[in-house]
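1. Provide a 3D model corresponding to the input given below.
(one chain, ligands or ions: 1)
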Amino acid sequence: MSVVDRQEWDVVVVGAGGAGLRAAIEARERGCRTAVVCKSLFGKAHTVMAEGGIAAAMANANEHDSWQVHFRDTLRGGKFLNQWRMAELHAQEAPDRVWELETWGALFDRTKDGRISQRNFGGHEYPRLAHVGDRTGLELIRTLQQKVVALQQEDFRETGDHEARLKVFQECTVTRVLKDGDRVSGVFGYERESGRFFVLEAPAVVIATGGIGKSFKVTSNSWEYTGDGHALALLAGAPLLNMEFVQFHPTGMVWPPSVKGILVTESVRGDGGVLRNSEGDRFMFRYVPDVFKEKYAETEEEADRWYDDPDHHRRPPELLPRDEVARAINAEVKAGRGSPHGGVFLDVSTRMPAEVIRRRLPSMYHQFKELADVDITAEAMEVGPTCHYVMGGIAVDSDSAAARGVPGLYAAGEVAGGMHGSNRLGGNSLSDLLVFGRRAGRHAAEYAAALAGARPRADDAQVDAAAAEALRPFSAEAEADAAHEDAGAGGRPPENPYTLHQELQQTMNDLVGIIRREGEMRQALVKLAELRVRARRAGVEGHRQFNPGWHLALDLRNMLLVSECVARAALERTESRGGHTREDHPAMDRAWRRINLLCTLTDPTGGLAATGGTGGLAATDPTGGLTAADPVSGRIRLTRETTEPVRPDLLALFDKEELVKYLAEEELYE
Ligand code: FAD
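-> Here you go, the predicted structure:
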């Protein structure tokens, strides 16, 4: 049996980004002893990278704004596939979450009359993003971190221990959610620095681990985004929802190669930046789809007048939802009208005085100056699509953020599915983190409190299995040698996790990327099956003290699982909608509006129990889960479910003519 440090908590939150910290604060404020675990240093979560702002209908910049308009924009952006109750709660509660942040010390940019300033973003009818220059995520995390410290000081005054009720385990990675029967009983993980294993037992676990972007080659995402939470939930028995929807942000840097994919914030377009092709054509006017035609300007003059007088003019097409702009850029480049490095031009230099650009977009100014030697006050940027956000995620209950089918498991933030439908609007993530982080923390705390007398336990066999799974990369060489002996000459050597990762990223980028085709996705699934088998032999050298190769070998399990979900669901959905574009099915199909795709594991135990303590990766399974005859069926079971009809009073917020474009025939009759 492994020697593993065990501790007991009431609620464990996996992830210390905006969602995780907001959940932890809530659980602690409701009296639960709460542990927060994060892969990176405290304060370094991906959320710090968020630039543009937090969407909330506070009506500071336009008095006509309201939660109803925000709800409407969110559903339009998500092409009506959003879990509508989440979108409703989000629009209603986001303003309170922003004001709450302010009371906790956040310093937002102000309007001239002293209110929180709000800026324009794609798909939002009114200026709605509360912001701090283009460093909003940093301020959000700083404020939540400060709140955590304030609570710890309060606890110190009462108990003499800062960490008595709220403790952050930083640079620790969770590799398994543990269970007692059906119920959650804690988490298993390792300290990145020492390599030591630990178990945090708790009846309630909130997953808030963010996204999956590191499965793709070109991405705006940070190193932490390896789909861990998605995989943890899947392995624990919870379904993932609509994983085919991956957002490719239209504007990532394309040059130099070392920075390809780094985000160029949408604020650049919100503040007046325009997109042009190599012929100088402001091409977005040619790409306004029918469903949005009434809302967007038809000429440059009309679009430009909107910035000063939005009540009497239509919006510039550069501010269409992200999926539309990304597809348009892709089409321009493909048609041979791209910039020298394979993007298009994004220009603010001819639209604003240099000093305004430096003040409103300080990070962008420095990013281009330092990384590409481009002065954006004098010349255009070169930009192209980059994998940015995953709309698919853990299937949750809208009100409580409880993961479906696994009592005690909750999910919030980017890792949770449903809120954004097929495409997220910019700014709606930071508000999502706060609204549903708080809800997850509250419901996890209530659930844990109700179980106080009968806490689920994490049994030793499960802990041993999780430890064996985590240690496997160190014995890959020995196992490969054994395989060599069994197989005679030609046995297979261990695999390098970095090579596997690169091949995975290339596969997802090329075959399940922004424009998808049936044949290519089938090819991707075959490649993923091959990588899955090879990943079982991912081997590392050295010891457990800070060993990045080992960490990557463990992350590969998650990236491969999640990539398989994305590819399987993308192959199944034969239409184009939001962050899922099929060249072979280019239109949005109203019949698909009623359909959610759910991914579950074919082995419902997630491998831990079934293999008697080897974590599902034992050599006793020679195929590594690969069905040679049909790699497409892999390890993921895909099921269709009918979406819940949108509540009539919410539907009444839309014009009938608009609903006709989205809703399925039978829904219109209903
Ligand atoms: P994160 O902030 O990523 O936190 C995840 C946490 O989980 C981290 O602490 C990580 O260490 C931890 N973790 C992960 N795996 C494990 C594991 N196995 N064990 C333990 N811990 C783990 N959205 C907006 O609304 N507005 C914007 O202006 C905006 N700008 C953006 C700019 C950029 C460059 C990018 C990339 C994204 C932007 N987004 C924006 C999106 C938004 O930042 C993210 O969706 C959001 O921050 C995700 O927050 P989260 O709390 O879900 O996850």
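2. rounded mean pLDDT for stretch 561-576, please.
-> Predicted confidence along stretch 561-576 averages 97 (mean pLDDT).
3. if you count neighbours, what's buried in it?
-> Of the residues in stretch 561-576, those with enough neighbours to count as buried (16 or more other Cβ atoms under 10 Å) are 561-571, 573, 575-576. For every residue, glycine as well, the C-beta is placed using N, CA and C.
4. residues near the residue of the chain found nearest the ligand, how many?
-> Closest contact between the chain and the ligand, by Cβ to the nearest ligand atom, is at residue 17 (1.9 Å). Other residues near residue 17 number 31, with proximity taken as other Cβ atoms under 10 Å.
5. identify the residues contacting it.
-> For residue 17, the contacting residues are 45-47, 141, 208, 210, 413, 433, taking Cβ atoms under 8 Å, 6 or more residues apart in numbering as the criterion.
6. out of the buried residues of stretch 561-576, who's nearest residue 27?
-> Nearest to residue 27 among the buried residues of stretch 561-576 is residue 562, at 26.5 Å by Cβ to Cβ.
7. okay, the buried residues of stretch 561-576 in a markdown table with secondary structure and distance to the ligand next?
-> A markdown table is the format used below for these (DSSP: H, G, I helix; E, B strand; the rest coil; distance: Cβ to the nearest ligand atom, whole Å):
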| residue | secondary structure | distance to the ligand |
| --- | --- | --- |
| 561 | helix | 13 |
| 562 | helix | 12 |
| 563 | helix | 16 |
| 564 | helix | 18 |
| 565 | helix | 17 |
| 566 | helix | 17 |
| 567 | helix | 21 |
| 568 | helix | 22 |
| 569 | helix | 20 |
| 570 | helix | 20 |
| 571 | helix | 26 |
| 573 | coil | 22 |
| 575 | coil | 25 |
| 576 | coil | 23 |
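8. from those, which is closest to residue 378?
-> Comparing the buried residues of stretch 561-576 against residue 378 with Cβ to Cβ picks out residue 576 as the nearest, at 38.4 Å.
9. and the helices in the stretch 551-670 of the chain?
-> 648-651, 656-662, 665-669 (DSSP state H, counting those that start in this stretch).
10. if you average pLDDT over each of the ones you listed, which is lowest?
-> Looking at those, the bottom one is helix 665-669 with a mean of 79.
11. show me what that helix is packed against.
-> Other helices and strands packing on helix 665-669, by 3 or more Cβ pairs under 8 Å, 6 or more residues apart in numbering; DSSP states H and E, are absent; none qualifies.
12. buried residues in that helix?
-> Residues of helix 665-669 classed as buried under the neighbour-count rule (16+ other Cβ under 10 Å) are residue 667.
13. what does stretch 27-36 give?
-> For stretch 27-36, the buried set under the neighbour-count rule, 16+ other Cβ under 10 Å, comprises 27-30, 32-36.
14. same check, this time on stretch 246-261
-> For stretch 246-261, burial by neighbour count (16+ other Cβ under 10 Å) applies to 246-255, 260-261.
15. ok, stretch 652-659 next?
-> Neighbour counts over stretch 652-659 (16+ other Cβ under 10 Å) mark residue 654 as buried.
16. convert it to CSV, retaining C-alpha atoms only.
-> Listed next in CSV are the C-alpha coordinates belonging to stretch 652-659 (Å, rounded to 0.1, in the frame of the first residue of the first chain):
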residue,chain,number,x,y,z
ALA,A,652,-41.2,36.1,-25.6
LEU,A,653,-38.1,38.3,-25.4
PHE,A,654,-37.4,37.6,-29.0
ASP,A,655,-39.3,38.6,-32.2
LYS,A,656,-41.2,35.7,-33.8
GLU,A,657,-39.3,36.2,-37.1
GLU,A,658,-36.1,35.7,-35.3
LEU,A,659,-37.2,32.5,-33.5
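17. could you see whether the ligand lies near stretch 201-221?
-> Yes. Using Cβ under 6 Å from any ligand atom, stretch 201-221 reaches the ligand at 208-210, 220-221.
18. can you pull up the most central residue in the chain?
-> Closest residue to the average C-alpha location of the chain: residue 211 at 3.1 Å, with Cα atoms, centre = their mean.
19. mind listing the helices for the stretch 401-550 of the chain?
-> Under DSSP H, counting those that start in this stretch, the stretch 401-550 of the chain gives helices at 428-450, 460-487, 497-511, 518-535, 548-572.
20. show me what contacts the nearest residue to residue 255 once chain neighbours are set aside?
-> Nearest-residue entry for residue 255: residue 341, 3.9 Å, with adjacent residues in sequence omitted and distances by Cβ to Cβ, 6 or more residues apart in numbering. The contact partners of residue 341, taken as Cβ under 8 Å, 6+ apart, are 254-255, 382.
21. same check on residue 297?
-> With contacts defined as Cβ under 8 Å, 6+ apart, residue 297 is in contact with 285, 303, 306, 313-317.
22. now do 6 Å
-> 303, 314, 316 (Cβ atoms under 6 Å, 6 or more residues apart in numbering).
23. which of the residues of stretch 201-221 next to the ligand sit farthest apart?
-> 208 and 220 (19.2 Å).
24. of these two, who's got more company?
-> Set residue 208 next to residue 220 and count neighbours by other Cβ under 10 Å: residue 208 wins out with 35 against 26.
25. give me the pLDDT value at the more buried one.
-> Value listed for residue 208 in the pLDDT field: 98.
26. can you check the one 3 residues further on too?
-> Per-residue confidence for residue 211 comes out at a pLDDT of 97.
27. dihedrals phi and psi, residue 239?
-> Taking degrees, to the nearest 10, you get phi -80, psi 150 for the backbone angles of residue 239.
28. what residues does the stretch 301-450 of the chain put near the ligand?
-> So far as Cβ under 6 Å from any ligand atom goes, the stretch 301-450 of the chain lies against the ligand at 389, 413-415, 426-430, 433.
29. what's the answer for the stretch 1-150 of the chain, then?
-> When proximity is defined by Cβ under 6 Å from any ligand atom, the stretch 1-150 of the chain lies next to the ligand at 14-20, 37-40, 45-47, 49-53, 136-137.
30. right, I'll leave it there.
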